[in-house]
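1. Using only what follows, build the 3D model:
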Amino acid sequence: MPTRGGPLRTLRLFWVFFRVGAMNELQYRANFIVQIFQSAIALGTGLAVLALVFSQTGELNGWTHAELLAVMGVHFLMGGIIGMAIQPNMERLMDDVRRGTLDFTLTKPDDSQVLVSVREFRIWRAVDVVIGAGVLAYAVSQLQTGITVADPFVFALALLLGALMIYCFWLILTTGAFWVVRMDQIAELFEGVYQSGRWPVTIYPGWLAISLTYLVPVAFAVTVPAEALTGRLTVETLALAAGFAIALLAFTRWFWRFGLKHYSGASA
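-> I've put the predicted structure just below:
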């Protein structure tokens, strides 16, 4: 997403909006307690289901308990990133399009796609990031194979690629608001689909696994990073993830510009 001033300008914008968002959120610290409570319930439910599954079997389609725990950790971690930085911005964008107030963003000198992508942050969702990282660290410590020196770097790359693809997926759907204004159900729809990422996509039927890989990139966002730490990730899969992310970023950029041509706001 190029912007006037280059990547450094983009990072500065990100930091400024993050600080503003953090200060706004810190005014409502009760939300922190609520978030901890919600995350604890979600974690407890996930662990209970996993324990129930492995009380009946020693592995699930070749995945051991520790490996599935790693998948759960990545699922929590990525969910925190989505809820903290991606979903809030997309929901605000849909609201701006509906009310015709996107004009205020489009008239600013910086790149419009960058601006709509960094304006909102819900820092309390970082609780899920911390919980996910903790679960993931414990899962890795329980792996029988252990990890190599390169695995954490490959994991970080796979996680970044997955986050970029989820961002692109959200922005493509949200850009549809330029034509279909009422798209409030997107968050509920995505949340329902994202819950399938608690399990590796390889356990699902072929048609569903393909859908969760290329239509809604849950596999690239959760399963692939987990594979990086469990010794399952191949060079071919990582290359596919990188290529798909680049292609999706390019299409998202084109689709955003195409959508802007069909936007009619308060100034229209």
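
2. export the helix or strand Ala139 falls within as CSV, just CAs?
-> Using DSSP states H and E, Ala139 sits in helix 126-142. The C-alpha trace of helix 126-142 is given here as CSV (Å, rounded to 0.1, in the frame of the first residue of the first chain):
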residue,chain,number,x,y,z
ALA,A,126,-4.1,-7.7,22.8
VAL,A,127,-5.2,-10.0,25.6
ASP,A,128,-5.9,-12.6,23.0
VAL,A,129,-2.5,-12.1,21.5
VAL,A,130,-0.8,-12.6,24.9
ILE,A,131,-3.0,-15.7,25.6
GLY,A,132,-2.3,-17.1,22.2
ALA,A,133,1.4,-16.6,22.6
GLY,A,134,1.4,-18.3,26.0
VAL,A,135,-0.6,-21.3,24.7
LEU,A,136,1.8,-21.5,21.7
ALA,A,137,4.9,-21.4,23.9
TYR,A,138,3.5,-24.2,26.1
ALA,A,139,2.6,-26.3,23.0
VAL,A,140,6.0,-25.9,21.5
SER,A,141,7.6,-27.0,24.8
GLN,A,142,5.5,-30.2,24.6
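
3. helices and strands around it, which ones?
-> Applying 3 or more CB pairs under 8 Å, 6 or more residues apart in numbering; DSSP states H and E, we find helix 126-142 packed against helix 30-54, helix 65-81, helix 224-230. Yep, even glycine has a C-beta here, placed from its N, CA and C like the rest.

4. Can you point out the buried residues in the longest one?
-> Looking back up the chat, that one is helix 30-54. 35, 39, 42-43, 46, 50 (16 or more other CB atoms under 10 Å).

5. need those residues in JSON lines with distance to Ile172 and pLDDT, can you?
-> What follows is the buried residues of helix 30-54, written out as JSON lines (distance: CB to CB, whole Å; pLDDT from 0 to 100):
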{"residue": "Gln35", "distance to Ile172": "28", "pLDDT": "88"}
{"residue": "Ser39", "distance to Ile172": "28", "pLDDT": "92"}
{"residue": "Ala42", "distance to Ile172": "27", "pLDDT": "92"}
{"residue": "Leu43", "distance to Ile172": "30", "pLDDT": "93"}
{"residue": "Gly46", "distance to Ile172": "29", "pLDDT": "92"}
{"residue": "Leu50", "distance to Ile172": "32", "pLDDT": "93"}
